[in-house]
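Engineer: Could you work out the structure for the sequence below:
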Amino acid sequence: MGGTSSEREVSLKSGSAVLQALKRRGYDVVAVDAAEDLPVLLRRHGVEAAFVCLHGPIGEDGTIQGFLEIMGIPYTGSGVRASAVAMDKILTKDLLRCHGIPTPEFRVVESDRLSGRGLRLPLVVKPAEEGSTIGVQTVHRRKDLAPAIRAAQRYSRRVLVERFIAGREVTVGVLGDTPLPVVEVRPHGGFYDYASKYTAGQTEYLVPAPLPKRVTARVQRLGGAVHRLLGCQGATRIDVMLAEGYRPFVLEVNTIPGMTETSLLPKAAGEAGIPFDELVERILKMALVGRTSGGTRP
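Structural biologist: Below is the predicted model of the structure:
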């Protein structure tokens, strides 16, 4: 947990919650801050399996997964390839589009030159490789587009300029191969930004989402399809916007969802009758079943 990304504090909260859950389940567990000398720490503690609670670059992009592969240590969550693809919002959207999965229209900015042509306002500007809505802005005036792009470029060289989808924001977790109940997110400020995610009382979460059964089933099927398309493992969370007429648009994929007891994935699991401690143990066991130390992951 921890690490050096801009999501360090969120990661520490997730890691602390998982640490306590595993202790309550009787595991011999130690917290390891990935900002320190990992090879030394892992050997010193005799780590036999890693529960990855890192968010953002270095931890969620396949980097730490590749490192653990080399160390021969089984780990939770998706493998190197799926982690790298899901962390890259642009590559993810290219894959979704190629496979006929609906996602908002977008353009890519790789320099100071704007590339939002052909997209009508409002637009969403986001770094290509960040999480927790860091560096994300909604642009309603054309003159605000360039400043928003420059702000996003502080976090990522490539920037995604995406058509804003008006509607209801929902998220669906997938545990193993099973979609969990859908959660609807209603930020009081209208936009689910960093403050809305991590400030108590700023957002209302409805689980299960108050949707027609056919819509819920469609969102769950969509989440499962995206999970399989990217080759994800363990637990993932897929964020979706429902436009008018309940038309779904996939926004992005989270291969290491937040794991505090009030995070979205645990909320969905709780609705499915899976308490937090059991959820944590299930994720850990998925990393261990069928794998030996040093074995490669699909």
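
Engineer: which other residues reach stretch 274-281?
Structural biologist: 17-18, 21-22, 24-25, 51, 175, 235, 259, 261, 265-266, 269-270, 282 (CB atoms under 8 Å, 6 or more residues apart in numbering). Bear in mind the C-beta positions are built from the backbone N, C-alpha and C, glycine included.

Engineer: Sort out which of these are in strands and list them.
Structural biologist: If you go by DSSP state E, the contacts of stretch 274-281 have Leu175, Ala235 in strands.

Engineer: Report the lowest-confidence entry in the contacts of stretch 274-281.
Structural biologist: The member of the contacts of stretch 274-281 with the lowest pLDDT is Glu261, at 72.

Engineer: for the stretch 101-250 of the chain, what spans make up the helices?
Structural biologist: Counting by DSSP state H, counting those that start in this stretch, the stretch 101-250 of the chain has helices at residues 145-152, 194-198, 213-229.

Engineer: In CSV, list the ones you listed along with distance to Lys13, mean neighbour count and mean pLDDT.
Structural biologist: What follows is these, written out as CSV (distance: least, CB to CB, whole Å; neighbours: other CB atoms under 10 Å; pLDDT from 0 to 100):
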stretch, distance to Lys13, mean neighbour count, mean pLDDT
helix 145-152, 25, 18, 89
helix 194-198, 9, 16, 48
helix 213-229, 24, 18, 97
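
Engineer: Would you check how far apart Pro266 and Arg237 are?
Structural biologist: According to CB to CB, to the nearest Å, Pro266 stands 10 Å off from Arg237.

Engineer: Same check on Leu95?
Structural biologist: Using CB to CB, Leu95 is found at 17 Å from Arg237.

Engineer: surely Val124 meets Val136?
Structural biologist: Yes. Val124 lies in contact with Val136 (CB atoms under 8 Å); the separation is 6.7 Å.

Engineer: which residue is nearest the centroid of the chain?
Structural biologist: Asn254 (1.8 Å; CA atoms, centre = their mean).

Engineer: is it true that that one touches Gly234?
Structural biologist: No. Contact criterion CB under 8 Å: Asn254 and Gly234 do not qualify, at 11.5 Å.

Engineer: for this protein, what are the low-confidence residue spans?
Structural biologist: Along the chain, segments meeting pLDDT under 70 span 111-118, 131-133, 188-202, 289-298.

Engineer: Let me see the domain layout of it.
Structural biologist: With domains defined by automatic domain parsing, the chain comprises 8-73, 86-100+166-281, 106-163.

Engineer: Of all these, which one comes closest to Leu288?
Structural biologist: domain 8-73 (6.1 Å; CB to CB).

Engineer: For Tyr27, see how far away Val174 is.
Structural biologist: 24 Å.

Engineer: just to revisit the earlier point, between Leu95 and Arg237, which has more neighbouring residues?
Structural biologist: The neighbour count for Leu95 versus Arg237, taken as other CB atoms under 10 Å, is higher for Arg237 (24 against 18).

Engineer: OK, contacts around that one?
Structural biologist: Thr171, Val172, Gly173, Val174, Val253, Asn254, Pro257, Leu264, Leu265.

Engineer: can you check Pro104 too?
Structural biologist: Val124, Glu162, Arg163, Phe164, Ile165, Met241, Phe249, Leu251.

Engineer: mind redoing it with 7 Å?
Structural biologist: With contact set as CB atoms under 7 Å, 6 or more residues apart in numbering, Pro104 has these partners: Glu162, Arg163, Ile165, Phe249.

Engineer: Tyr205 now?
Structural biologist: Contacts here follow CB under 7 Å, 6+ apart; on that basis Tyr205 touches Val183, Val185, Lys267.

Engineer: Over to Ala148?
Structural biologist: Val125, Gln137, Val139.
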